[in-house]
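1. Model the following, please.
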Amino acid sequence: MSPKEQESQDSQDQKQDQDLDINQDHLGNDAVWTPEIQALGETVSRWIKMDLPGATVVGLQRCGKSWACNYLASTLSKLVGYPVTILIWMIPKVDQNSERYFYQDRLVESGCLATSHRDLAVLKERLFDHM
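-> Below you'll find the model as predicted:
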């Protein structure tokens, strides 16, 4: 191969490497830190330290609620300073707004196999025991 051909080949290889770099997603599918997520983390850690029983994250679609919750799930123990249990439930708007449906759906999301019973108190007890 002549020096001119080699130079041309090197130039093409370099351009291909640049194209691969541009098209590559360097962040992947991992949650990343943002100031808003940090503020949410500080707020939630304050709530935990104040012994509040739970929280709801609400917002517009596609604005990062799930990513923020997943990020918090992985970092909240460090923010609080001790181990914490975190449950992330997705509660869609549905036509069935019964209390029974709510508890059955939470049992399913929590991985419990026994989700049917005619007595609502039994479903509540199962959920709390399963958690």
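
2. lowest-confidence helix or strand of the chain?
-> Between all helices and strands in the chain, the lowest mean by mean pLDDT, DSSP states H and E belongs to helix 3-23, at a mean of 58.

3. Output the contacting helices and strands for the helix or strand following it.
-> The element immediately downstream of helix 3-23 (helix or strand, assigned by DSSP states H and E) is helix 35-49. Where contact means 3 or more C-beta pairs under 8 Å, 6 or more residues apart in numbering; DSSP states H and E, helix 35-49 is packed against helix 65-80. Where you see a C-beta, it was placed from the backbone N, CA and C, and this is true even at glycine.

4. Tell me what angle the helix it packs on forms with helix 35-49.
-> Orientation check (axes from the mean of the first three to the mean of the last three C-alpha atoms, to 10 degrees): helix 65-80 against helix 35-49 gives 50 degrees.

5. In terms of secondary structure, what does helix 65-80 contact?
-> helix 35-49.

6. Check which residues of the helix it packs on are buried.
-> Judged by neighbour count (16 or more other C-beta atoms under 10 Å), helix 35-49 contains these buried residues: 37, 40-41, 44-45, 48.

7. what's the spacing between that helix and its chain's center?
-> Distance of helix 35-49 from the chain centroid (C-alpha atoms, centre = their mean, to the nearest Å) equals 15 Å.
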